[in-house]
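# A structural model of the following input is requested.
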Amino acid sequence: MSKYDFSTTTFSDEGRLHQVEYAIKAVATAPTILAVNFNSQILIAAHKRIPALFAQKRTEKLLQLDKSVYIAVSGVLSDANVLIEEGRLFAQEYFQERGQRVPLQRLSVHMADIMQTATQYGGLRPYGVGALLLGAEGIYQIDPSGNVAKWQAAAVGKASGDVNAKIKQLIKDGITDVAQLKKIGVQSLSKGVEKEDLNKNGVELALISFDKYQGSIEYINDDEIEQICKQVIEDGDREEDNENSK
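Coordinates of the predicted model:
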């Protein structure tokens, strides 16, 4: 173990902060979650790992921060819970002081600042969580280093690079309807999920609809998820056969 592993504030000889890198790796090995924005609606697709004997049927990775803001997280859930409470408190204080809902960009920057501050002082450690903040303004991504960026679609968690590349490929010609949106979500998620998990037990889909100050969430039922997953698997097998026949 390197002497630089114990401090969040000491750079290595290569100019790296090992603790921040470890936090980013914690996110990179966590179950994948993605979001795609389309016409005031955002689709969430998540890989869920819930043991069969558990009573709960949904993950705890998609939560509401404010009436108009949701958050999707991947990584260390205890860290995510702390960050979410900070975000909720800020949103409530903003509303009490100004009488209006906090803008998504302002909330995202505030939460990213909290994450970045944890990389600056001894006695703290970086948050091991990546998050997507979702609202009528779009999708904002924040990571353990405190970076914040706005996207039409984004993924965090395992194989997020491959998932993001697949999303970019699928949305480049536009999205026509919600049915296509759901399929794009599962197709993209498949890059971070083993084929045996690509079913109603391993995939969670939700659709969030926004107006200016209100968001409402609809969880897609298991039968529809199973149907979409089967179609995506069949399409993937067909593409693989075509490639092998060339």
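# Regarding residue 92, what is its secondary structure?
When the structure is split into helix, strand and coil by DSSP: H, G, I helix; E, B strand; the rest coil, residue 92 lands in helix.
# how far away is it from residue 70?
Between residue 92 and residue 70 the distance, using C-beta to C-beta, to the nearest Å, works out to 16 Å. In short, each C-beta sits where N, CA and C put it, glycine included.
# Tell me which of those two has more neighbours.
For residue 92 against residue 70, the residue with the higher neighbour count under other C-beta atoms under 10 Å is residue 70, and the figures read 21 against 13.
# So what sits opposite the more buried one in the bridge?
With DSSP bridges applied, residue 70 shows beta-bridge pairing to residue 64, residue 134.
# Check it and give its pLDDT.
Note on residue 70: pLDDT of 97.
# just the one 4 residues further on next, same as before
At residue 74, the model reports a pLDDT of 93.
# Would you check that my belief about it contacting residue 32 is correct?
Yes - using C-beta atoms under 8 Å, residue 74 and residue 32 qualify as a contacting pair, with a distance of 6.8 Å.
# Now do the buried residues in whichever helix in the chain runs longest.
Secondary structure of the chain read by DSSP state H shows that its longest helix is helix 222-245. Buried residues in helix 222-245, counted by 16 or more other C-beta atoms under 10 Å: 225, 228-229, 232.
# Pick out the most distant pair among the residues you listed.
The largest distance within the buried residues of helix 222-245, taken as C-beta to C-beta, falls between 225 and 232 and amounts to 10.5 Å.
# overlap in contacts of the two?
Overlap between the neighbourhoods of residue 225 and residue 232 consists of residue 186, taking contacts as C-beta atoms under 8 Å, 6 or more residues apart in numbering.
# Skipping adjacent residues, who's closest to residue 110 in space?
residue 90 (5.2 Å; C-beta to C-beta, 6 or more residues apart in numbering).
# what do you get for residue 171?
Taking C-beta to C-beta, 6+ apart, and ignoring the residues beside it in sequence, residue 171 has residue 153 as its nearest neighbour in space, at 6.1 Å.
# ok, now which ones touch the one you found?
Remark: with contacts taken as C-beta under 8 Å, 6+ apart, residue 153 is in contact with 34-37, 139, 164, 167-168, 171, 188.
# same check, this time on residue 224
By C-beta under 8 Å, 6+ apart, the residues touching residue 224 are 182, 205.
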